[in-house]
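Peer 1: fold the following and give me the result.
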Amino acid sequence: MKVLVFVLIIETFTNVTPSRQESTKEAFGQWRDVHKCVHFAYSLTTQHRFNYDIPIIAYCVPRYADPDEEIY
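Peer 2: From the prediction side, this is the model:
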């Protein structure tokens, strides 16, 4: 039986111009607790204080996973 987990999705933007932008989405990790997943998403998107110039969006989405997969 599959279990409900929350997957961290990171979307990075490249070639950003007023008329065009390209993005890449990747999934990283699976958490049982949505609050832990959101913590990592928030941490990644608030690094502007370190003057990183990498436009990213991070968020969590619900998915079903096999219980034998690695879940944090």
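Peer 1: ok, what's across the strand from the spatially most central residue of the chain?
Peer 2: With distances taken as CA atoms, centre = their mean, Ile9 lies nearest the centre of the chain, 2.6 Å away. Beta bridges link Ile9 to Ala27, Tyr59, judged by DSSP bridges.
Peer 1: just checking, it touches Ile56?
Peer 2: No - assessed by CB atoms under 8 Å, Ile9 is found out of contact with Ile56, at 10.5 Å. (Each C-beta comes from the backbone N, C-alpha and C, glycine too.)
Peer 1: ok so, going back, state the distance from the residue nearest to the centre of the chain to Asp68.
Peer 2: 22 Å (CB to CB, to the nearest Å).
Peer 1: which residues of the protein fall in strands?
Peer 2: 3-17, 20-31, 56-65 (DSSP state E).
Peer 1: what's the last one packed up against?
Peer 2: With contacts defined as 3 or more CB pairs under 8 Å, 6 or more residues apart in numbering; DSSP states H and E, strand 56-65 has these neighbours: strand 3-17, strand 20-31, helix 34-45.
Peer 1: number of nearby residues for Pro55?
Peer 2: Residue neighbour count, defined by other CB atoms under 10 Å, stands at 14 for Pro55.
Peer 1: OK, contacts around the closest residue to it other than its chain neighbours?
Peer 2: Once flanking residues are discounted, Pro55 sits nearest to Phe13: 4.4 Å by CB to CB, 6 or more residues apart in numbering. Residues in contact with Phe13 (CB atoms under 8 Å, 6 or more residues apart in numbering) are 21-23, 55-57.
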